[in-house]
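[1] Provided below are the primary sequence and the corresponding predicted coordinates.
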Amino acid sequence: MFSQLSARLFSGSGGALLGLIALFIILSFASPFFLTTRNIINILDQVTVLGILSVGATAVIITGGIDLSVGSILGLSTMVLGWLSHQGGWPMWTAMLAAIAVGAVAGSINGLGITYANLPPFIATLAMMSIGRGMANLITDGQQIVGYPEWFFNFSSERYLGFFSVTLLVVLALYLVAWAWLKYRASGRSIYAIGGGTEVARLAGIHVKKVTIWVYVAAGALAGLGGIVLASRLDSSQPSAGTGYELDVIAAVVIGGASLSGGVGRIGGTVIGVLIIGVLRNGLNLLGVSPFIQQIVIGLVIAVAVMADVLRRKRA
Amino acid sequence: MPIADTRGLRVRGATKEYPGTIAVQDIDLDINPGEVVALLGENGAGKSTLSSIIAGVTQPTTGTMTWNGEPYAPTSPGDAIASGIGLIHQEMRLLPDLTVAENVMVGRWPMRSGFLDARTMREKAKDQLKRLGFNGAMDSKVRDLSVAGQQQVEIAKALMLDASLLILDEPTAALGQAETDALFDCVRALKAEGVSFIYVSHRLAEIALIADRIVVLRDGKKITEHASGEVSPNQLVEEMVGRPVDRLFPDVPPPTDEIVLEVKDLHDKAGDFMDVSFTVRAGEIFGIAGIVGAGRTELVRAIAGAEHRLGTVVIDGKNLKPDNPMAAIKAGVVLIPEDRKQQGLVVSDTIENNIALPNLGKVSTSGWISPAKVRSFAATVAKGIGMKGNVALPVSSLSGGNQQKIVIGKWLQRDPRLVILDEPTRGIDVGARASIYEVVAELARNGNAVVVVSSDLEEVLGLAHRVMVLARGRNQGILDASEATPSKVMSLATL
């Protein structure tokens, strides 16, 4: 029963799912604190931002692209949120919408650069990574902005039914929508077609440029949302927020079975990839492993996950 | 077959079993020095496995080989190359951004006091390429060569290793007539030096030209062996397919008078095609012949909006917007591209998703795709083109012929007006070709205008009502089927 269900939900990411289960079992034995409701909540809280960014990155990677700018866009958006609500005196909700809009605009510039200026995605988003970080620092000359209204802080800290925070519910809803969208919307299927064969998609009458731009807009807007969630979690906006996230995000998507050459990838796989990174960090922390060794372990996990995937494909 | 001496290759009882199948079974094969032996057979007949065994890529389950009298049992391609046996792959393995000389000498770059000796490298490469009649510059990038030029570089690479038996796997798949002729000249020149060839192909006409002997394989077994010239093409086809083949080309009724496509003064900025004008009527099959590089593919891609064009394209009396595949699709223009894997199919996806791709509106309700509709839609299409089996399988599990039928079939539910097929049977078995031709004929019978571009003269002449010959981008004449002969077409094509 479980195996059937998991086969349906996570098909194409079987190895990663087994890895996640193994990780769970091992850590449950290794640390008495691991398998507690409190710690599970902890893990989920810690992966909300990574989870939000990974939805966009899944779509980007399925088109055969890459987005290195999401960490910087997150930083820029969180600063825009703080500056507009504090210095600008904007109402919180408007500032939140503006933060998402800034992310979407940055994403659209990525998309336009890739489709109309023919920049390779790596280069276009590398440029945006630098520009976004610069702008994030420019807003307050590198200073952080501290203190948000209590209700905003509660988004990530107040729990309903003893478990769900607003941010967690947002992430869950996001994954549901993204899963259905990729699977059942024409534009979702187009994303796979573009990644599988750009020319095939174009000759099939798909507006390749339009769809591609929207994918990067979505990735940017989601980075904006990530900036809001991070501000709520930290009760502050830091210009350095999100530094290095782009690599965690790519790692999560790739561990989840997506192929960097495009055309392959699933939201269910990304869920697993995100959880593997979250559970691993959490577990290593509980075991008192130094953060430097954690980096090494995560690097090894990425390599092993993709290697296993490649081997499995070769055999098939 | 009398064996003159022990020189050359002797294969005895070669068998290769895979779990569940026997790829080749008990095959004897002799290749004498300076001899060209053609391996003929459909996909899956065992040609590739046999070639791989000889080239050391795979090892036989049982059976032995001798090479120039010595036992020969290569365990890797490197072993085979060291013995002087080289395999030239269908897909060339060259480094496109390196020069001709670097490619020929790759991995064996001559060094002088620790540095690359560029002059020696060029000279050595030139020596080999001269044997093949190659007269390009040693310093040009391989990317800039014609396909035939690239093939010569590939062959020179093998010759650099003192190869005296070369296995050519579908060498002319991407070549036009002139380039094929150049390749054959080069094969003949090497043959005169005592180099022997195993020539894998399913183009019967060229096998008759180049091979000394023809070995027919079917289902992993050697069926017959003929000296070239003592067997008719029809008999070879029957031996390959394993059943009598009555006719390759179906009957198509004469076209109607209704003009579907009108092309006026079509040209592009690059000069790939110039001042091309013609009309195609409903129910008509219009062939476009010419050598590779004549501008045929560019021309039809421009008509379908996939490439830039100037001039007028009229569909059913209405001007078609240029450079816009979407507008062309809406007007009922369908392009079946020449490169199935790059342009026709999302190879990583399933059969049903590929069929659904240009029909997403038909399988969704208010924008949400219904998997049940996708499945039933795909099943209907598959049935319409005479395909059985599970449409949920990956499209890569199908044979080339069935893949091509999917590429055509996915458009049929949109009721096209004009279907353009660019090299519709490239890489497809003789046995499967007839069924593709039947699909093409059915398109015409249903009142579509059909344009067929092909390098295979027999195919254009067998299918089309009229044939336009393109040379250097210009229309050299439009011939009626009744007056079009291979020699007439070829003389126009080489104008």
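    Sure, I can see it.

[2] Report the distance from stretch B:252-269 to the chain centre.
    Relative to its parent chain, stretch B:252-269 has a centroid offset of 27 Å by C-alpha atoms, centre = their mean, to the nearest Å.

[3] I should have written stretch A:162-182 there, sorry.
    Worked out by C-alpha atoms, centre = their mean, stretch A:162-182 lies 13 Å from the chain centre.

[4] Quick check: buried residues in it?
    For stretch A:162-182, a neighbour-count test (16 or more other C-beta atoms under 10 Å in any protein chain shown) marks A:Ser165, A:Val166, A:Thr167, A:Leu168, A:Val170, A:Val171, A:Leu174, A:Tyr175, A:Ala178, A:Trp179, A:Trp181, A:Leu182 as buried. In this view, the C-beta of every residue, glycine as well, is placed from N, C-alpha and C.

[5] quick one: low-confidence parts of the chain?
    As the question left the chain open, I've gone with chain A. A:1-14, A:313-316 (pLDDT under 70).

[6] meant chain B, my bad for not saying
    Using pLDDT under 70, chain B drops low at B:1-5, B:91, B:174, B:176, B:245-247, B:495.

[7] Name the residue of it that lies nearest to chain A.
    Going by C-beta to the nearest C-beta, chain A is nearest to B:Val346 of chain B, at 3.5 Å.

[8] So that residue, which state does it fall into?
    Three-state call for B:Val346 (DSSP: H, G, I helix; E, B strand; the rest coil): coil.

[9] how far away is it from B:Leu360?
    Separation of B:Val346 from B:Leu360 (C-beta to C-beta, to the nearest Å): 13 Å.

[10] for chain A, what are the nearby residues on chain B?
    Listed as neighbours of chain A in chain B under the rule C-beta under 8 Å from any C-beta of the partner chain: B:304, B:306, B:325-326, B:329-330, B:335, B:337, B:341-349, B:353, B:356-358, B:360-361, B:364, B:367-371.

[11] Buried residues in the helix or strand hosting B:Met121, which are they?
    Assessed by DSSP states H and E, B:Met121 sits inside helix B:118-131. Across helix B:118-131, burial judged by 16+ other C-beta under 10 Å covers B:Ala118, B:Met121, B:Arg122, B:Lys124, B:Ala125, B:Lys126, B:Gln128, B:Leu129, B:Arg131.

[12] Could you double-check that the fifth one sits in contact with B:Ala156?
    It refers to B:Ala125. Yes - with contact defined as C-beta atoms under 8 Å, B:Ala125 reaches B:Ala156; the gap is 6.7 Å.

[13] overlap in contacts of these two?
    Common neighbours of B:Ala125 and B:Ala156, counting by C-beta atoms under 8 Å, 6 or more residues apart in numbering or on different chains, are B:Val104.

[14] how about the residues of the stretch 51-200 of chain A that lie near chain B?
    Close to chain B, as judged by C-beta under 8 Å from any C-beta, the stretch 51-200 of chain A has residues A:180, A:183-186, A:188-190, A:192-193, A:196-197, A:199-200.

[15] In helices, which of those appear?
    Counting by DSSP state H, the part of those found in helices is A:Ala180, A:Lys183, A:Tyr184, A:Ala186, A:Gly188, A:Arg189, A:Ser190, A:Tyr192, A:Ala193, A:Gly196, A:Glu199, A:Val200.

[16] re earlier: what is the helix holding B:Met121 packed up against?
    helix B:100-104, helix B:147-160, helix B:177-192 (3 or more C-beta pairs under 8 Å, 6 or more residues apart in numbering or on different chains; DSSP states H and E).

[17] hey, which of the ones you listed is tucked in deepest?
    Mean neighbours per residue, mean count of other C-beta atoms under 10 Å in any protein chain shown, is largest over the helices and strands packed on helix B:118-131 for helix B:100-104, with a mean of 26.

[18] So what touches it?
    Outside helix B:100-104, the residues that touch it by C-beta under 8 Å, 6+ apart are B:94-95, B:109, B:118, B:121-122, B:124-126, B:128-129, B:136-142, B:145, B:153, B:156-157, B:160.

[19] if we can go back for a sec, okay, and which of the buried residues of stretch A:162-182 map to helices?
    Among the buried residues of stretch A:162-182, the members falling in helices (DSSP H) are A:Val166, A:Thr167, A:Leu168, A:Val170, A:Val171, A:Leu174, A:Tyr175, A:Ala178, A:Trp179, A:Trp181, A:Leu182.

[20] Please name the residues that touch the fifth one.
    When you say that, I think you mean A:Val171. Taking C-beta under 8 Å, 6+ apart as the criterion, A:Val171 is in contact with A:Thr48, A:Gly51, A:Ile52.

[21] Please list all residues in contact with the first one.
    For A:Thr48, the contacting residues are A:Ser156, A:Thr167, A:Leu168, A:Val170, A:Val171, A:Val229, A:Arg233, by C-beta under 8 Å, 6+ apart.

[22] Could you dump these into TSV with distance to A:Val310 added?
    Rendered in TSV, the data for those read as follows (distance: C-beta to C-beta, whole Å):
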residue	distance to A:Val310
A:Ser156	37
A:Thr167	35
A:Leu168	33
A:Val170	34
A:Val171	30
A:Val229	34
A:Arg233	36
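
[23] Can you tell me which of these is nearest B:Val430?
    A:Val171 (56.9 Å; C-beta to C-beta).

[24] what two of the ones in helices among the residues of the stretch 51-200 of chain A next to chain B are the furthest from one another?
    The largest separation in these, counting by C-beta to C-beta, is between A:Ala180 and A:Glu199 at 27.9 Å.

[25] For the stretch 51-200 of chain A, which residue gets nearest to chain B?
    Closest point on the stretch 51-200 of chain A to chain B, by C-beta to the nearest C-beta, is A:Gly196, at 3.5 Å.

[26] That residue touches B:Gln343, doesn't it?
    No - contact criterion C-beta under 8 Å: A:Gly196 and B:Gln343 do not qualify, at 11.6 Å.

[27] And those two? Which one has more around it.
    Comparing A:Gly196 with B:Gln343 by other C-beta atoms under 10 Å in any protein chain shown, the one with more neighbours is A:Gly196, at 25 against 22.

[28] quick one on the thing from earlier: closest to A:Ile255 among the contacts of A:Val171?
    For these, the nearest to A:Ile255 is A:Gly51 (13.3 Å; C-beta to C-beta).

[29] Which stretches in chain A count as helices?
    Assigned by DSSP H, chain A shows helices spanning A:2-9, A:14-30, A:37-62, A:70-86, A:92-115, A:121-140, A:150-157, A:166-184, A:186-196, A:198-203, A:208-234, A:245-255, A:267-286, A:291-315.

[30] ok, the nearest residue to A:Ala101 once chain neighbours are set aside - how many residues close by?
    Among residues not flanking A:Ala101 along the chain, A:Gly224 sits closest, at 7.1 Å (C-beta to C-beta, 6 or more residues apart in numbering or on different chains). By other C-beta under 10 Å, 30 other residues sit near A:Gly224.
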